[in-house]
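1. what shape does this take:
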Amino acid sequence: MPDTTLVHPSILERWSPRAFTNQPIDPAALRSLFEAARWSASCFNEQPWRFIVATRAEPEEFARILKLLAPKNQEWAQSAWLLGLTAGKKTFSHNGAPDRFGLHDAGAALTTLFIQATWLGLRAHGMGGFDDAAARTEFGIPEDFEVGAAFAVGHPEGALNPPPGRSRRPLHEIVFAGGWEKPRFTPE
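-> Numbering: from 1, shown residues only. So this is what the prediction gives:
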């Protein structure tokens with residue numbers, strides 16, 4: 001049995017609903033999501049992440065992001081308060097060398113945003129189901145940035161808690177020592 005007492009509650013409570021209310025997010029709370037993301041770790045402190053976002057209060061901009069999502073994602077994401085896209089810089093600013101960690105770091109920033117959302121009583125859902133090429137064109141994303149993920153943030157419809165049966169792989173399947181698939185931790 002996993003020892004969840006070792007994990008911060010905002011991490012354990014984080015989950016990705018597919019049903020949101022259209023309740024607005026307070027502007028200070030909205031800003032705090034991106035402030036949290038801003039403080040994420042990055043290689044050489046490059047901070048290679050960029051976010052393109054729109055709220056339901058900006059219907060035309062919101063629709064521009066919504067139309068990029070796969071139809072199944074559009075069905076539920078249209079009720080979220082905020083939709084966004086991430087991108088990660090492909091080169092380091094200080095020397096122009098390739099930065100193979102840019103998209104990784106953008107994902108880390110998005111995770112930090114998700115944890116902040118959970119702490120605020122909001123929920124977020126990341127999506128790979130969207131047209132990244134169309135996103136690049138629609139928003140003029142430079143070639144030096146790799147389009148990452150789409151995401152939705154809002155007040156969840158229904159319970160704040162994760163659905164029953166939610167699980168994660170055991171540590172012995174994901175943490176190795178001394179070689180691939182040599183578990184660092186014994187099975188739970």
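2. distance of C43 from D3?
-> When distance is defined by Cβ to Cβ, to the nearest Å, C43 is 31 Å away from D3. Using the backbone N, CA and C atoms, a C-beta is placed for each residue, glycine as well.
3. and the strand ranked longest in the chain, what does it pack against?
-> What stands out as the longest strand in the chain, according to DSSP state E, is strand 145-154. Under the contact criterion of 3 or more Cβ pairs under 8 Å, 6 or more residues apart in numbering; DSSP states H and E, the helices and strands touching strand 145-154 comprise helix 71-77, strand 82-89, helix 102-119, strand 123-127, helix 132-139.
4. residues in contact with the third one?
-> Read it as helix 102-119. Applying Cβ atoms under 8 Å, 6 or more residues apart in numbering, the contact partners of helix 102-119 are 8, 10-11, 13-14, 32-43, 46-50, 86-91, 123-124, 126, 145-146, 148-149, 151, 153.
5. show me which of those residues are buried.
-> Buried subset of the contacts of helix 102-119 (neighbour count, 16 or more other Cβ atoms under 10 Å): 13-14, 32-34, 36-37, 40, 42, 46-50, 86-90, 123-124, 126, 145-146, 148-149, 151, 153.
6. neighbours of L171, how many?
-> A count of neighbours around L171, defined by other Cβ atoms under 10 Å, yields 15.
7. and if you look at the one 3 residues further on?
-> Each residue near I174 was counted by other Cβ under 10 Å, and the total is 11.
8. just for the protein, where's the confidence low?
-> Using pLDDT under 70 as the threshold, the predicted model of the chain has low-confidence ranges 1-2.
9. let's see it at 80
-> Under the criterion of pLDDT under 80, the regions of the chain flagged as low confidence span 1-4, 159-163, 188.
10. spatially central residue for it, please.
-> Note on the chain: the residue nearest the mean C-alpha position is L110, at 3.7 Å, using Cα atoms, centre = their mean.
11. that residue and F101: what is the separation?
-> With Cβ to Cβ as the criterion, L110 and F101 are 14 Å apart.
12. same check, this time on L82
-> Applying Cβ to Cβ, one obtains 26 Å for the distance of L82 from F101.
13. compare these two (neighbour count), which wins?
-> L82 (25 against 18).
14. thought the more buried one was touching A54?
-> Yes: under the contact definition of Cβ atoms under 8 Å, L82 touches A54, with a separation of 7.2 Å.
15. excluding its backbone neighbours, what's nearest N22?
-> By the measure of Cβ to Cβ, 6 or more residues apart in numbering, the closest residue to N22 outside its immediate chain neighbours is S79, 5.3 Å from it.
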